[in-house]
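# What follows is a protein structure lacking sequence information:
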């Protein structure tokens, strides 16, 4: 029973982590979006690459398609891969069926979104999760941020400031001609990215991510794709058997300014004094689970993100000492955790670990003046942390 409950909790996270990637525009779909044709391609002209990215950020969610997608990630323990069948009907209907292997056509989980709600069906557990969307962010199924909430005006401005954007080639991808665009960071310690954009439609066909050391950390690409197929709305309805349990998950909102976050929280939220060059604090969110108080602050440089989690009330170890910084690597992202004065802090990002360490060193926590020492155990707070994992902006 305990294992099943743990599996259900993890699947809650999985569903929500893919939620933003499955949501389309909430604006009316008026016409077929197309990229302007570049007659004389100049590989030394960065403006051409930037104009392509701007069009992708603006209109990619309005591109209907039916496709098979592969995602491969490299991490210290090995390689993981995921293959899915995706159907998107602009502006906001998306169905994704995840396949257990490349040799199988039978999906083992299905996620459906209509821009207002997301349903995640897990047949093996006979559970369907439902999460309403109350966020005012405009998400796209295929944007520059690879499924992250993307603010076109702000984030494009940050990308122009923090990355050297260049058009490096024209290649064939998924049977289609594509512009190859390189995004190299201006500030050391940040990852880089290479994307393949369809020459006809504002749509990313392939993305390669590279760590700060220049080693590829992940690749996602469409094996095959059909643009603007005839799609019935019936495809985006889940047929659930009567014996399937239905679980309602709390809705999540927009990031709040830090002063508002402090007001809403019932605990102090220490913020790092050091922010890596090029990054801005986008805002923060409180846990939607009242039993698990926690705060998540997100920083972005337009293309990449750093997540900062604050969990109050961590019980200390048997010696009553704060834990030293612990760093691990999860699928290319550095995860830095430490405890201090009854708090547990976590930093997650694909940047060089030296930047995360510098951020951690500038977090100042005032000592407890009075009151009972924290009673919650580390394992309980680890459960809280799991519930927050869906905010990983990968």
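Yep, it's here. All values reported here derive from a predicted model rather than from experimental measurement. Numbers count the residues shown, from 1 in each chain.
# Would you map the helices across the stretch 101-250 of the chain?
Ranges of helices within the stretch 101-250 of the chain are 152-162, based on DSSP state H, counting those that start in this stretch.
# quick one: low-confidence parts of it?
101-107, 134-153 (pLDDT under 70).
# how does it look with 80?
Scanning the stretch 101-250 of the chain for pLDDT under 80 picks out 101-108, 133-154, 250.
# Point out where the stretch 251-394 of the chain drops to low pLDDT.
Under the criterion pLDDT under 80, the flagged ranges of the stretch 251-394 of the chain are 251-253, 288-292, 313-325, 327-332, 366-394.
# where do the strands sit along it?
280-286, 295-300, 305-312, 326-330, 333-340, 343-349 (DSSP state E, counting those that start in this stretch).
# List just the one of these that sits closest to residue 33.
Evaluated with CB to CB, the strands of the stretch 251-394 of the chain place strand 295-300 nearest to residue 33, the distance being 24.9 Å. Just so you know, the C-beta spots here come from the backbone N, C-alpha and C atoms, and that holds for glycine as well.
# Following the chain onward from the helix or strand residue 70 falls within, which element is next?
Element membership of residue 70 [criterion: DSSP states H and E] is strand 65-75. Remark: after strand 65-75, the chain's next helix or strand is strand 78-89, criterion DSSP H and E.
# by contact count, what packs against that next one?
Using 3 or more CB pairs under 8 Å, 6 or more residues apart in numbering; DSSP states H and E, the elements in contact with strand 78-89 are strand 65-75, strand 93-99.
# now that strand: how far from the chain's centre is it?
15 Å (CA atoms, centre = their mean, to the nearest Å).
# Pairing partners for it, with directions?
strand 65-75 (antiparallel), strand 93-99 (antiparallel) (DSSP bridges).
# what separates the shortest one from the chain centre, distance-wise?
If I follow you right, that is strand 93-99. 17 Å.
# Report the rounded mean pLDDT for it.
For strand 93-99, the mean per-residue pLDDT is 94.
# any idea how this structure splits into domains?
2-248, 258-391 (automatic domain parsing).
# Dump those domains into TSV; add mean neighbour count as well.
TSV is the format used below for the domains of the chain (neighbours: other CB atoms under 10 Å):
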stretch	mean neighbour count
domain 2-248	17
domain 258-391	17
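# Would you reformat the strands of the stretch 251-394 of the chain as CSV and include distance to residue 223?
Shown next, in CSV, are those (distance: least, CB to CB, whole Å):
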stretch, distance to residue 223
strand 280-286, 33
strand 295-300, 30
strand 305-312, 27
strand 326-330, 26
strand 333-340, 25
strand 343-349, 30
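# Would you enumerate the residues in contact with residue 169?
Residues in contact with residue 169 (CB atoms under 8 Å, 6 or more residues apart in numbering) are 43, 180.
# start at 4 instead
Shifting the count to begin at 4 puts that one at residue 172.
# That one and residue 50, how far apart?
17 Å (CB to CB, to the nearest Å).
# ok, back up a step: how many degrees apart are the strand holding residue 73 and strand 336-343 in direction?
60 degrees (axes from the mean of the first three to the mean of the last three CA atoms, to 10 degrees).
# which residues are contacting strand 68-78?
Residues outside strand 68-78 that contact it (CB under 8 Å, 6+ apart) are 82-91, 105, 177, 206, 218-232, 234, 332-335.
# Equivalent analysis for stretch 357-365, please.
192, 275-279, 309, 311, 328, 330, 337, 339, 341, 348, 350, 352.
# Tell me which helix or strand residue 57 sits in.
In this assignment (DSSP H and E), residue 57 forms part of helix 49-62.
# one step back: mean confidence (pLDDT) on the strand holding residue 73, please.
pLDDT averaged over strand 68-78 gives 94.
# Kindly calculate the angle that that strand makes with strand 329-333.
Using the same axes, to 10 degrees: strand 68-78 against strand 329-333 is 140 degrees.
# Show me how far strand 68-78 is from its chain's centre.
Worked out by CA atoms, centre = their mean, strand 68-78 lies 15 Å from the chain centre.
# With distance to residue 269 added, can I get the strands paired with strand 81-92 in TSV?
Shown next, in TSV, are the strands paired with strand 81-92 (distance: least, CB to CB, whole Å):
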stretch	distance to residue 269
strand 68-78	36
strand 96-102	36
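# Tell me which of those strands sits nearest to residue 240.
Comparing those by their distance to residue 240 (CB to CB), the top pick is strand 96-102, with 9.1 Å.
# Bridged to residue 228, which residues?
When bridges are called by DSSP bridges, residue 228 pairs up with residue 70.
# Look up how far residue 292 lies from it.
To residue 292, residue 228 is 38 Å away according to CB to CB.
# Residue 68 now?
Using CB to CB, one gets 35 Å for the distance from residue 68 to residue 292.
# So what pairs up with the residue nearest to residue 179 when sequence neighbours are not counted in the strands?
Nearest non-adjacent residue to residue 179, counting by CB to CB, 6 or more residues apart in numbering: residue 201, 5.6 Å away. Per DSSP bridges, the residues bridged to residue 201 are residue 181.
# Same check on residue 100?
The partner residues for residue 100, given DSSP bridges, come to residue 88, residue 113.
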